[in-house]
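[1] Whatever this is, show me its structure:
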Amino acid sequence: MTRKLWVLNGVLVVAVVYAGVEFRNRWRATRAREAALLAVKVKAAPAPPFLPLPVAPPVTAANYAQIALRTLFDPSRNPNVVVEVPPPPPPPVMPPLPLCYGVMNLGDGAGPAALLAENQKSAHQYLHAGDRIGQFKLVDVNTDEIVLEWNGQQIHKALNDLATAQDDQRQAPAQAQAEDTPPPKPAVKAGPGEDTGRGFKVCSMADGLAEGTQMDGYQKKVYPTPFGPACRWEPVQ
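    You can find the predicted model right below:
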């Protein structure tokens, strides 16, 4: 048993010595290879020729205008938005002037008044300055002219001009009257009309109501005028 151990120990010693010699030989070979590589001198390559950089042009805003015009954040790629302005509406057309049948002053403190009608088929209205007839407002009236207001502008008309307009509306070709069916007369509102601002409301003699009729707290009063009877609605006392 002891002999076998000595033999085994001898084998191990020989293996260790062989391994140490082999390691030393490889280490020396590696050192020699490194020394040979370090001893080799590499010839340096010549440096490339030096070329100066091109001179950059000056920065101007005009060179970058296309970048602003073609921005990707705008679907149209154009910052100049075209605003389409709708055409202005056509100016309103002034209707025909009312007809004037005369001017009077009854001395009731309200000043002169005019007997007006919107057209030949409308009822007569006894109006003072400030009253309205159709689209017109009576601004002033005297024995020479009448002043109307429409759409913010004042129209000065002589009484003779309104009388001429009244005659023109009365004239119609006889043939046209025979061929055309006369239109029905416009219905007249029965009862108090617009407030005149002087304590009574507008009244029409063609409303079919008798004098003294009471409606909506007003009573129909009929009074004579140089152009025939006229009426107005006064508050019931």
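[2] all helices for this structure, in order.
    Remark: helices assigned in the chain by DSSP state H are 2-39, 65-69, 159-170, 174-179.
[3] For Lys221, give the beta-bridge partners.
    Listed beta-bridge partners, Lys221: Arg232 (assigned using DSSP bridges).
[4] Can we start the residue count at 17 from this point?
    Understood, numbering begins at 17; the last thing we discussed is Lys237.
[5] quick one, strands of this protein?
    115-120, 129-133, 141-143, 148-149, 152-157, 161-166, 169-174, 217-218, 230-231, 234-239, 246-251 (DSSP state E).
[6] CA atoms only: put the second one into PDB for me.
    It stands for strand 129-133. Taking Å, rounded to 0.1, in the frame of the first residue of the first chain, the C-alpha atoms of strand 129-133 are listed here in PDB:
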ATOM      1  CA  ALA A 129    -102.200 118.000 -39.500                       C
ATOM      2  CA  ALA A 130    -102.300 116.200 -42.800                       C
ATOM      3  CA  LEU A 131    -105.000 113.900 -44.200                       C
ATOM      4  CA  LEU A 132    -102.900 111.000 -45.600                       C
ATOM      5  CA  ALA A 133    -103.500 107.600 -47.100                       C
END
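[7] That one pairs with which strands, parallel or anti?
    With DSSP bridges as the test, strand 129-133 pairs up with strand 115-120 (antiparallel), strand 141-143 (antiparallel).
[8] quick check, distance from it to the centre of its chain.
    Averaging C-alpha positions (Cα atoms, centre = their mean, to the nearest Å) puts strand 129-133 42 Å from its chain's average.
[9] Same question for the fourth one.
    Here strand 148-149 is found 32 Å from its chain centre; the criterion is Cα atoms, centre = their mean.
[10] I'd like the helices of the chain laid out as a markdown table, including mean neighbour count.
    No exception for glycine: its C-beta is placed from N, CA and C like everyone else's. Formatted as a markdown table, the helices of the chain follow (neighbours: other Cβ atoms under 10 Å):
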| stretch | mean neighbour count |
| --- | --- |
| helix 18-55 | 9 |
| helix 81-85 | 10 |
| helix 175-186 | 13 |
| helix 190-195 | 8 |
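[11] Could you say which one of the ones you listed comes nearest to Thr212?
    Taking Cβ to Cβ, helix 175-186 is the member of the helices of the chain nearest to Thr212, at 21.1 Å.
[12] What number of residues are in the vicinity of Ser220?
    Number of residues near Ser220 (other Cβ atoms under 10 Å) recorded here: 20.
[13] distance of the nearest residue to it once chain neighbours are set aside from Phe39?
    What sits nearest to Ser220 in space, not counting adjacent residues and going by Cβ to Cβ, 6 or more residues apart in numbering, is Ala139, at 4.0 Å. Between Ala139 and Phe39 the distance is 138 Å, computed by Cβ to Cβ, to the nearest Å.
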